[in-house]
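# just to be clear, the model below is a prediction. Sequence and coordinates:
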Amino acid sequence: MAYWLFKSEPDSWSWDQQKKAGEAGTEWTGVRNYQARNNMRAMQLGDRGFFYHSNEGKEIVGIVEVSKLAHPDSSSDNPTWECVDLRAVEDMPKPVTLVDAKANPKLAKMALVANSRLSVQPVTDEEWAEVRRMGGLKS
DNA sequence: GCCAACGTTGGC
DNA sequence: GCCAACGTTGGC
């Protein structure tokens, strides 16, 4: 299984809204960046990801799961843009802030720290385990 | 609200 | 195919 990180501005789509979307989940629409799209194309059903609030909060607040493989983004007329569906899995008992991530040498190479612009990022097994530990979850 | 970093566009 | 100009993201 692969791990990922999804960024969202809580003003446009928050973790609370994601949780309210329930088991079926929702389309992760709006990505208009090739790297981010390619990451979504590479996802498998059941892959897990961190849900990150950008701008407001700047912290990882929950865990999501890929519930549908990449398909055309219904918010775009251009078939170039695709997205997966995501459903909320669990809360971070203790949200992991960007400041926390930056302060941890083990996460120095994490895309969240090293390439802040990318909205859908791969996460390594080591980073996954470390962030879960920091957030108060068992790995 | 500013601006650095990055991606994309378009003229040549 | 290079690169300057422009737009967007997102941390501060």
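Done, it's in.
# the closest residue to A:Asp47 other than its chain neighbours: how many residues sit nearby?
Spatially, and ignoring its direct neighbours in sequence, A:Asp47 is nearest to A:Val66 (4.4 Å; Cβ to Cβ, 6 or more residues apart in numbering). For the C-beta atoms, the positions are set from N, CA and C on the backbone; glycine is no exception. A total of 23 residues lie near A:Val66 under the criterion other Cβ atoms under 10 Å.
# can you name the residues that contact A:Val66?
For A:Val66, the contact set (Cβ atoms under 8 Å, 6 or more residues apart in numbering) comprises A:43-49, A:84-86.
# just the buried residues of those.
When the contacts of A:Val66 are checked for burial by 16 or more other Cβ atoms under 10 Å, the buried set is A:43, A:47-49, A:84-86.
# hey, what's A:Tyr3 bridged with?
Beta-bridge pairing for A:Tyr3 (DSSP bridges): A:Arg48, A:Val123.
# so it makes contact with A:Glu126?
No. The pair A:Tyr3 / A:Glu126 is not scored as a contact, 10.0 Å apart, by Cβ atoms under 8 Å.
# which one of these two has more residues nearby?
The neighbour count for A:Tyr3 versus A:Glu126, taken as other Cβ under 10 Å, is higher for A:Tyr3 (20 against 13).
# distance of that one from A:Trp81?
Distance of A:Tyr3 to A:Trp81, computed by Cβ to Cβ, to the nearest Å: 23 Å.
# coming back round to it: pick out the most distant pair among the buried ones among the contacts of A:Val66.
The distance between the two most remote of the buried ones among the contacts of A:Val66 (Cβ to Cβ) is 13.8 Å, for A:Arg48 and A:Asp85.
# ranges for the strands of chain A?
Along chain A, counting by DSSP state E, strands occupy A:3-8, A:26-27, A:48-53, A:59-72, A:82-97, A:120-123.
# ok, now which ones touch the nearest residue to A:Gln121 once chain neighbours are set aside?
Of all residues not flanking A:Gln121 in the chain, A:Ala111 sits nearest, at 3.8 Å (Cβ to Cβ, 6+ apart). A:Ala111 is in contact with A:5, A:118, A:121-123, counting by Cβ under 8 Å, 6+ apart.
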